[in-house]
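Trainee: A structural model of the following input is requested.
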Amino acid sequence: MKKYRITLIPGDGTGPELAESVKRCVAALGLDITWDEVDAGLSAIEKYKTPLPESVIESVKKNKIALKGPITTPVGTGFRSVNVELRKRLDLYACLRPCKSYKGVRSRYSDIDLVIVRENTEDLYAGIEFQKGTKDVHTLIELIEALSKKKIREDSAISIKPISVEGSRRIVKFAFEYALANNRKKVTAVHKANIMKFTDGLFLEVAREVAKSYEGRIAFEDRIVDNMCMQLVQKPEDYDVLVLPNLYGDIISDLCAGLIGGLGIAPGGNIGTDIALFEPTHGSAPKYKGLNKVNPVAILLSCVMMLKYMGEEKASARLEKAVALVIAEGKSVTYDLKMDRNDPTAVGTRQMTDAIIAKLEK
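Mentor: Residues are numbered from 1 along each chain as shown. Take a look at the predicted model:
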């Protein structure tokens, strides 16, 4: 049996409970995995005075594969996103988010099967920002006004949106290669090139160029992002693999999670050249910390993606089937997966994990 050593970042809020669910399911699968457990987020600040200790980066670089629970990101103030910093430091340029319907989950749609491929390192998410009222922002405003001949209000804050040929090419190529490897039929590039002609225009230009080398094997088209939102709500069956710059990818992936019933069943993977980190797409839900309340599906489906990435196809399929069966039965599921969220028969995180493990053992 092949042996693995994988970095496990439990995260904060409900993260540690969810990480425990994964460890128990992986043990039930009979795989020889040693977890290298490290702290990031609020728990790391208490111990190391930083939300992202270097030991976390070193562990992921050494093991090449990581699974992470949700980590809290303060809104507007406080430390910058640990999730974004991990993607940048490890150059995990492709964010892969499959959105698939599971029988038994409440949703207006029943047969969604979309894959979102989001560029992870550029765009407005690059973290290049200048605070209102600082010397730097005044210098920048003067420079931009001189170069563009356009006026910017003095009380402005500024964020920079870099889009490169290299960054665009590798993410579009990733989307096409994923489509080929997973028997997909079409890639749709999403942009706002009608307005942002130099940045999104470059992304679209590169996407069209890359698409030529896949002609006859994978179909290609492009959509403007606002129209894409409407199309996904009206006729999601028309789409297959979507590739997007960072910010649009973040927004559209949540829209698509809404089509399948919410973030609670939406997994994710961040993939680079030789390192990959998998994580649920939902937040840390700190108000439910320690209450044995939240459903473990998103992190377990992230584990399904991780096992497939590792080449453990059978184990990956077994775990996904067990999760799907428990959801479809609707008995041993958490409150949010019940038809009525006030259903008194709802179980907790541990009990839903027990039910999934029981399916694995049959």
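
Trainee: Mind jotting down where the strands sit in the chain?
Mentor: 3-9, 32-37, 65-68, 94-100, 113-119, 129-130, 158-159, 186-191, 219-224, 241-244, 267-271, 276-280 (DSSP state E).

Trainee: What is the second one packed up against?
Mentor: Based on contacts counted as 3 or more Cβ pairs under 8 Å, 6 or more residues apart in numbering; DSSP states H and E, the elements that strand 32-37 packs against are strand 3-9, helix 54-63. To be clear about C-beta, it is placed using only N, CA and C from the backbone, and glycine gets the same treatment.

Trainee: and the angle for the first one with strand 276-280?
Mentor: In this structure, strand 3-9 runs at an angle of 50 degrees to strand 276-280, with axes from the mean of the first three to the mean of the last three Cα atoms, to 10 degrees as the basis.

Trainee: Tell me the buried residues in strand 3-9?
Mentor: 4, 6, 7, 8, 9 (16 or more other Cβ atoms under 10 Å).

Trainee: For residue 359, see how far away the closest residue to the second one other than its chain neighbours is.
Mentor: Read it as residue 6. Closest residue in space to residue 6, ignoring its immediate chain neighbours: residue 65 at 5.0 Å, by Cβ to Cβ, 6 or more residues apart in numbering. To residue 359, residue 65 is 25 Å away according to Cβ to Cβ, to the nearest Å.

Trainee: now do residue 344
Mentor: 23 Å.

Trainee: Comparing the two, which residue is more hemmed in?
Mentor: More crowded of residue 344 and residue 359, by other Cβ atoms under 10 Å: residue 359, with 18 against 7.

Trainee: can I assume the more buried one is in contact with residue 325?
Mentor: Yes: here residue 359 reaches residue 325: they are 5.1 Å apart, a contact under Cβ atoms under 8 Å.

Trainee: And the helices in the stretch 201-350 of the chain?
Mentor: 225-234, 246-260, 297-309, 313-329, 349-360 (DSSP state H, counting those that start in this stretch).

Trainee: just those: most buried one?
Mentor: Ranked by average neighbour count under the criterion mean count of other Cβ atoms under 10 Å, the helices of the stretch 201-350 of the chain are headed by helix 297-309 at a mean of 24.

Trainee: packing partners for that one?
Mentor: Packing partners of helix 297-309 (3+ Cβ pairs under 8 Å, 6+ apart): helix 15-29, strand 65-68, strand 267-271, strand 276-280, helix 313-329.
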